[in-house]
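S.K.: coordinates only, sequence not included:
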């Protein structure tokens, strides 16, 4: 039956496409990169044999030629079609005519592609010889295959001869395009004047269904016309320079036409010149029109999705037109034949693809709406019209009447779950009782009904048929170039998501009979596009953050000095000199606009970011080859990495010069950075709090997740190795009154001001930056340094253990004590002072932490809450375990106590009431003695109170002795040293003033305070 012609043609087309895919792979394999060629084609040992086979090809004994090749089936089918005198008209029997033209085009492509495999003779010849060596005889299909290769050396000329018997059928099919092809080849101005694809040009007809006598030709692929309409050769030759054979294989039509039509060379050259000079411009204007038309269509349908029902034809026409123009540009841009390339570079192509994706998304989302509409349309309108047409037929044989009645009945009772696909192939045969050629209105109605049934049960297939752009998979370089152009143009960056979305099309470019592994290419391209989009957004955010940090920096207190100075000078009416500095602009001036046209760099950055974020936020995820891509996660990941690097970078730590940003300034910058990042939530639906948690928590550790140093490690290292080391060197002193470390006047000025890094506000900022975990790490690092100092102190004790043992029991024998003291090695007080300095710094840090994190024994200390016994110090010192540890701890306290009188001879030991301390930091001994004693005797389960009482007794006795000295040098700062006893008691939770009174008369302390205050007043005067 003639219905089988359609089935057979579809099957043979699939077989031919299968062959084309194999030939394309062979051509890529054999003719591409020489490194990719099979070894047998480049093996020097086989070179002479290959040349011999090619020269003699296809020399072989022909024993049996009765073999059927794939192209025989094509010839057989074409002959059958001619014998049946099938009627072809694209506007009447659409499916059969289209399949017939597809068959001819596919067969032509097959032979053209086969002729392009340069090594075809060598490959087939070598295979035949290998077959003969293996099986003892040649492959039985080889003779005809070899002869076909020889015959089709020039495939176009051979096929022109071959298609002479089929001329009538082919010409009928081609001539039917005369009513359709020119309408698809109109200029953009003609489209614009006709209000093509516009839903709002005629509001009164907006709800009317879109209809056409040639409904199914409205969305057929443009390439189908180009390849089949060579009879309309002038129009075809003027609109393109090349046609697609398969994927990225193209066919240059003008050169081939000149070879075939020698008598029309002048006409062909004229058409070629027309195509080269005007086709690019014409297609560029079409794309420009389609951008606005598709935008309008997508906007209206997003607001009124119900219009998808009556205006479905407009949607698929728009998709088809846009698809054709994009593929035309892609094909010609890669095979351009003219010097000027402006018409073949479209930086707005992403916008057109984006609106296509929007329309596709509307169809997928509102598919049920369209299905319900067309189910009602088929049963309520199409069935009635078809029934009337059948009833009005002058002759309607019984068989055809039964078929048509069945169509009408099925359509009348149609539901969404059902689907019908009428076919008019039977009536296209010349001997059919009901010839479709004589009943064109019936054929056109059947075409319309088929389109409407596709709206019910083949929406996905219709989307693939009209808008598939999987060809981009084979134009990777052009694809990536278009993407880069899109990102470079800020106005187009909002459409950049269309490129990752295009990768979802690649799943449809595999053939049913020959699936190809394009998944890796799809995944890598999608990953690359999303990664580049996230990087671009990250860079914009970074630039905005930099600008905001600069603005925040202008509000820092250090910048207000000039403003205050200018205000004071203005108030006192002091005239500025001629060369005086101009008045400094106040922060906030940048927000004042003289007019709306003034655009700052920050405005441009925010605009570009909002455009790009629209694209990133466009879809929550996309699925490609069972892989799910989430664009927002790419941005989140990049923001985490950049935020981490930015925080560390904003510390401005220089290891060579030991310079670092003040904690308060870093905190201001971080807050400004975080404010910008929080504003990103207005553009993209991401959880920025998760970014903050991940990054800031890592910054409280010694190293981040990538093994890089954090602000915790940088600041810990700076405070230990720079600030506290300078304290030990005597260049900086701790001022209890100011609760800060202050630079001392020295010959070599320091490169930093210690007070600007250690006062209350800076330590609070540091605590806020590092958090409890970071401050705990800082504390542990301080404890490590203390433990190393204690270890050295214990070595001193061990070296002097016998002397200290005697002194411990001889404090009531002054002469004996004096002689024993002279035998002691010095250095214990300096190390104890260093410990006191470190503990004082730690006390500042913990107090600051308590202020910013009002949050129990070890946990309390980690949160900055004070404890009588420092647990961190206990842990740090308990790791040391020499013999007789308890005895050494007791003698250490003795050593410190008997060494205290030596401090009176130091010039720097003078007490300053203004700073409530000594310039050589010996006031820190109070904290060191109390905390070291508490920690050591906690470890060794001794009585802290008893040992401190013993220390107080020894220290009091030793200090009272210097009151009897007559040497002024030795007793230079005796009163200042007396005050240390009061400080030790005040610092200790275990000692009381009553206990001190029993050891050291309070009147001496009162007189000492009076003396140092009097001395301070006289020296300041």
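M.R.: Perfect, I can see it now. Because the structure is predicted, anything quoted here is derived from the model rather than measured.
S.K.: going forward, measure contacts between C-alpha atoms and count neighbours the same way
M.R.: Will do.
S.K.: where do the helices sit along the stretch 801-950 of the chain?
M.R.: With helices called from DSSP state H, counting those that start in this stretch, the stretch 801-950 of the chain shows them at 801-809, 814-822, 828-852, 857-862, 871-878, 885-899, 925-939, 944-962.
S.K.: Of all these, which one comes closest to residue 445?
M.R.: helix 828-852 (80.1 Å; C-alpha to C-alpha).
S.K.: From the contact counts, what lies against the closest one?
M.R.: Helices and strands touching helix 828-852, by 3 or more C-alpha pairs under 8 Å, 6 or more residues apart in numbering; DSSP states H and E, are helix 724-728, helix 760-799, helix 885-899, helix 925-939.
S.K.: closest to residue 619 out of those?
M.R.: Judged by C-alpha to C-alpha, the one of the helices and strands packed on helix 828-852 that comes nearest to residue 619 is helix 760-799, at 36.0 Å.
S.K.: by how many degrees do the closest one and helix 828-852 diverge?
M.R.: 150 degrees (axes from the mean of the first three to the mean of the last three C-alpha atoms, to 10 degrees).
S.K.: Report the angle between helix 760-799 and helix 925-939.
M.R.: 60 degrees.
S.K.: just to revisit the earlier point, out of the helices and strands packed on helix 828-852, nearest to residue 557?
M.R.: If you check each of these against residue 557 by C-alpha to C-alpha, helix 760-799 wins as the nearest, at 12.0 Å.
S.K.: Check which helices and strands that closest one is in contact with.
M.R.: Using 3+ C-alpha pairs under 8 Å, 6+ apart, helix 760-799 sits against helix 663-679, helix 711-718, helix 828-852, helix 857-862, helix 871-878, helix 885-899.
S.K.: rank these by pLDDT, which is bottom?
M.R.: Mean pLDDT is lowest for helix 857-862 among those, at a mean of 52.
S.K.: which residues of the stretch 201-350 of the chain fall in helices?
M.R.: 222-228, 233-239, 253-260, 265-274, 280-303, 312-333, 349-365.
S.K.: thinking again about what came up before, nearest to residue 173, of the helices of the stretch 801-950 of the chain?
M.R.: In terms of C-alpha to C-alpha, the element of these nearest to residue 173 is helix 828-852, at 84.9 Å.
S.K.: Just want the angle from the closest one to helix 885-899.
M.R.: Using the same axes, to 10 degrees: helix 828-852 against helix 885-899 is 100 degrees.
S.K.: Export the helices and strands packed on helix 760-799 to CSV and append columns for mean neighbour count and distance to residue 789.
M.R.: Output for the helices and strands packed on helix 760-799, formatted as CSV (neighbours: other C-alpha atoms under 10 Å; distance: least, C-alpha to C-alpha, whole Å):
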stretch, mean neighbour count, distance to residue 789
helix 663-679, 19, 28
helix 711-718, 21, 18
helix 828-852, 22, 6
helix 857-862, 16, 22
helix 871-878, 19, 10
helix 885-899, 22, 12
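S.K.: In TSV, list the ones you listed along with distance to residue 270.
M.R.: What follows is the helices and strands packed on helix 760-799, written out as TSV (distance: least, C-alpha to C-alpha, whole Å):
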stretch	distance to residue 270
helix 663-679	60
helix 711-718	72
helix 828-852	83
helix 857-862	87
helix 871-878	92
helix 885-899	107
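S.K.: Residue 736 is nearest to which of those helices?
M.R.: helix 828-852 (8.8 Å).
S.K.: give the contact list for residue 90.
M.R.: Residues in contact with residue 90 (C-alpha atoms under 8 Å, 6 or more residues apart in numbering) are 97-98, 173, 176-177, 217.
S.K.: Just among those residues, which is most surrounded?
M.R.: Of all those, residue 97 has the most neighbours under the rule other C-alpha atoms under 10 Å, reaching 26 neighbours.
S.K.: quick revisit: going by mean pLDDT, which of the helices of the stretch 201-350 of the chain comes out lowest?
M.R.: helix 222-228 (a mean of 51).
S.K.: Residue 619 in helix, strand or coil?
M.R.: Recorded secondary structure, residue 619: coil (DSSP: H, G, I helix; E, B strand; the rest coil).
S.K.: Please name the nearest non-neighbouring residue to it.
M.R.: Residue nearest to residue 619 in three dimensions, not counting chain neighbours: residue 631, with 7.7 Å by C-alpha to C-alpha, 6 or more residues apart in numbering.
S.K.: Tell me how many other residues crowd the one you found.
M.R.: Counted with other C-alpha under 10 Å, residue 631 comes out at 25.
S.K.: State the distance from it to residue 916.
M.R.: Going from residue 631 to residue 916 by C-alpha to C-alpha, to the nearest Å gives 60 Å.
S.K.: How about residue 877?
M.R.: The gap separating residue 877 from residue 916 is 30 Å, by C-alpha to C-alpha.
S.K.: Thanks a lot, see you next time.
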